[in-house]
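Novice: Output the structure for:
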Amino acid sequence: MGVWGTDIFDDDFALDVKSDYEEIHDSGLSHEATTKTLIDRHKDALEDPEESGVFWLALAAVQLEYNALKKNVKTNALDVINSDRDLLRWEDSADAAERKEILAQLKKQLLQN
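Specialist: From the prediction side, this is the model:
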């Protein structure tokens, strides 16, 4: 899996989460059912601290795009942001400050919804 930038979807796995969400939802399922299906589909990734962080951030961001943010997704994404768990991947990167700003922007959006 690759990361090429600091934005939420500048990550192969985050893009997979987004495209899976859109594919599942476009098949006719509600946002609630789409979320449940996506969580079930990626349950292995949810056991990995790094991948689970990417998952929750991407899922929250895509749900914000659809204006369909679910409470459990919001809670999990805020936990990832507040714990700085995602920033561990960026510790030795010159882009760490930029990623921190991206997460601060996402947090602001989450708290407004």
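
Novice: Show me where the chain has its helices.
Specialist: 12-26, 31-41, 49-65, 71-83, 96-111 (DSSP state H).

Novice: Out of those helices, which is the most enclosed?
Specialist: helix 49-65 (a mean of 21; mean count of other C-beta atoms under 10 Å). All C-beta spots, glycine's among them, are computed from the backbone N, C-alpha and C.

Novice: can you state the direction angle for that helix and helix 71-83?
Specialist: Going by axes from the mean of the first three to the mean of the last three C-alpha atoms, to 10 degrees, helix 49-65 is angled at 130 degrees with respect to helix 71-83.

Novice: helices or strands next to helix 49-65 in the packing?
Specialist: Applying 3 or more C-beta pairs under 8 Å, 6 or more residues apart in numbering; DSSP states H and E, one finds that helix 49-65 makes contact with helix 12-26, helix 31-41, helix 71-83, helix 96-111.

Novice: if we can go back for a sec, nearest to G2 among the helices of the chain would be which one?
Specialist: Nearest of these to G2, taken as C-beta to C-beta: helix 12-26 at 5.0 Å.

Novice: Now do the closest one: which elements does it pack against?
Specialist: Taking 3+ C-beta pairs under 8 Å, 6+ apart as the contact cut, helix 12-26 packs with helix 31-41, helix 49-65.
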